[in-house]
Each structure stands twice: as structure tokens, then as C-alpha cells.
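[1] Quick one, what's the 3D model for this:
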Amino acid sequence: MIKNTKVNAAILVIGNEILSGRTQDTNTSTLAVWLNSIGVKVSQVRIIPDVENLIIETVNILRKENNYVFTTGGIGPTHDDITAESISKAFGLKYEIHKEAFKILEAYYKPGEFNDGRQKMAWMPENAELILNPTSGAPGFSVKNVFSLPGVPSILKSMLGGLKNKIVGGDPILSHTISLRTVESEIADSLTKVQNDNKDVEIGSYPFFHAGKLGVSIVIRSESQNEIDNCNLQILKFIKEKKIEIVDR
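    Residues are numbered from 1 along each chain as shown. This next block holds a predicted model:
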């Protein structure tokens with residue numbers, strides 16, 4: 001593992017169904033939690049429709065700005081699944097049948113079921129590396145620092161284990177949460193001072209409504225437990241001075 005090195009990633013969610021609201025995106029949360037656990041910070045998330053030129057343009061921007069890019073959606077058997085072909089064009093690679101993927105899919109389906117639509121899932125950029133799928137057979141793929149995963153949340157989640165050895169992260173990103181019975185305006189100035197005194201630590205405040213009452217959760221994030229502990233003490237100090245109640249969530 002790379003130590004004391006900032007490693008970042010972008011998540012690119014592809015699909016008209018996400019933008020229309022018909023399908024809820026849970027893959028971003030799944031990927032972000034997993035990436036944080038292996039020391040990769042998600043720098044940005046974009047959601048775009050199934051439009052070839054837009055996919056090509058966005059992939060090319062993100063792969064230059066980030067150590068890794070993870071796409072979700074658009075690698076299935078239907079006409080609007082255009083992610084694989086678009087990524088081929090983004091890299092200037094031939095779009096062709098991946099022989100190993102074809103064999104995996106052919107063996108997965110019963111005789112006569114491996115139709116043209118399902119064969120489409122074996123079409124990928126030339127020399128793409130496969131991301132094996134333990135759930136439904138159809139593999140994902142990677143080209144350089146771009147990793148393409150399916151949009152079905154349960155399938156995507158099952159494929160992350162096979163990616164761990166392909167991703168080099170930094171120190172795992174740790175976090176600590178303090179939940180308070182207060183409002184953001186009451187703690188804003190004090191929290192700003194703590195943040196200014198600890199610029200290498202990410203401190204966020206997030207309002208919540210629980211059991212009929214308002215509250216704020218303060219989340220401290222860093223690669224260093226010592227820095228988190230130090231910030232925690234500073235925050236607890238002003239909480240005590242302001243006589244703010246700490247609550248369990």
C-alpha cells in the first residue's frame with residue numbers, strides 16, 4: 001500500500017433511469033464507503049444520461065483528473081447500454097468481442113439462451129481486463145484507470161472484492177461522528193475555528209431530524225487517528241462550554 005499519499009477517484013453514474021428518478025442511485029454510497037476503506041477519496045460524482053458523446057467527453061476529463069474512475073451502468077444487453085462502446089472511443093480502442101468474456105457468458109447460460117442481446121455483454125474495448133462477476137456471470141471491465149461496473153446494486157457490490165488487488169490506495173480514511181441536540185448556527189463560528197486550526201482534517205456538519213427534534217452531526221475525517229482525536233477534544237471543549245447535549249443516533 002502507498003502510505004501518506006493522497007489517492008482520489010471519481011464516480012460516473014450513467015443512465016437515463018437515474019436522472020428521471022425511476023431508479024434510485026445507491027451505488028455511489030456503496031463505492032464511496034468501499035473506496036474510503038482502502039484509502040481512496042472520492043473527489044467527485046457525476047450523473048449523466050446514456051449519450052455517447054457525453055460519456056466519451058466525461059470519461060476523458062475524469063480519467064485525467066483522478067487516479068481512478070468508476071463507471072456504473074450501461075453495460076447490459078439492451079440497445080441503450082452504450083458504456084463499453086463509448087469507453088472504447090474515449091481511449092481510441094477497437095470495440096470487439098472479448099474472447100474470455102464470451103466464454104464465461106456462453107458457459108453461464110443454458111444452451112439456446114445465449115442470444116444476440118446477451119452476447120452484446122461480451123463486447124468491450126480491445127485488451128480490456130475483466131472484472132469478474134460472482135452473481136450473474138456478466139463481467140465488468142477496466143481500461144487503464146477506468147473501471148466499468150454494472151448498475152444493478154447487488155451485482156456491483158458482489159464484484160468489489162475482485163477489484164481490491166487492482167486498486168492501490170493510501171492510508172484508510174477514518175471518521176468519527178458527534179451528534180448534538182443543536183442547530184448549525186449555534187456552532188458555526190466555533191466549528192470554523194477548529195477547522196482553521198486543523199486544515200488537514202475534513203470537518204463537516206450535517207443537520208438531522210430525529211424523534212421530532214432537530215440536531216446536527218459533526219463528522220471528522222482524516223487518515224490520522226491522532227488528528228481526529230485532537231479535533232474531537234477541541235469540539236468537545238466548546239460543546240461543554242455551550243452546554244450542548246450530545247445524543248445517540
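[2] From now on I want contacts and neighbour counts done on CA atoms only, so please keep to that.
    Noted.
[3] From Arg46, how far out is Leu54?
    11 Å (C-alpha to C-alpha, to the nearest Å).
[4] Which residue, other than its chain neighbours, is closest to Gly215?
    Using C-alpha to C-alpha, 6 or more residues apart in numbering and skipping residues adjacent in sequence, the residue nearest Gly215 is Arg181, 4.5 Å away.
[5] Just the CA atoms of stretch 49-67, as CSV, please.
    Taking C-alpha atoms only, stretch 49-67 is exported to CSV below (Å, rounded to 0.1, in the frame of the first residue of the first chain):
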residue,chain,number,x,y,z
PRO,A,49,-27.6,10.2,-19.5
ASP,A,50,-26.9,7.4,-22.0
VAL,A,51,-25.5,9.8,-24.6
GLU,A,52,-22.3,8.6,-26.3
ASN,A,53,-20.6,12.0,-26.9
LEU,A,54,-21.2,13.0,-23.3
ILE,A,55,-19.9,9.7,-21.9
ILE,A,56,-16.7,10.0,-24.0
GLU,A,57,-16.1,13.6,-23.0
THR,A,58,-16.8,13.0,-19.3
VAL,A,59,-14.6,9.8,-19.1
ASN,A,60,-11.7,11.7,-20.8
ILE,A,61,-12.0,14.6,-18.3
LEU,A,62,-12.3,12.4,-15.2
ARG,A,63,-9.5,9.9,-16.1
LYS,A,64,-7.0,12.8,-16.4
GLU,A,65,-8.1,14.5,-13.1
ASN,A,66,-8.2,11.4,-10.9
ASN,A,67,-6.2,8.3,-10.1
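[6] quick one: average pLDDT of that stretch?
    Averaged over stretch 49-67, pLDDT sits at 98.
[7] in it, what's buried?
    Within stretch 49-67, the residues that qualify as buried are 49-52, 55-56, 58-60, 62-63, 66-67, counting by 16 or more other C-alpha atoms under 10 Å.
[8] For that stretch, what is the distance to the chain centroid?
    The chain centre lies 15 Å from the centre of stretch 49-67; the measure is C-alpha atoms, centre = their mean, to the nearest Å.
[9] Hmm, Phe102 and Thr139 touching each other?
    No Thr there; residue 139 is Pro. No. Using C-alpha atoms under 8 Å, Pro139 makes no contact with Phe102, being 9.7 Å away.
[10] what sits against Ile55?
    Contacts for Ile55 were tallied using C-alpha atoms under 8 Å, 6 or more residues apart in numbering; they are Ile14, Ile48, Thr83, Ser86, Ile87.
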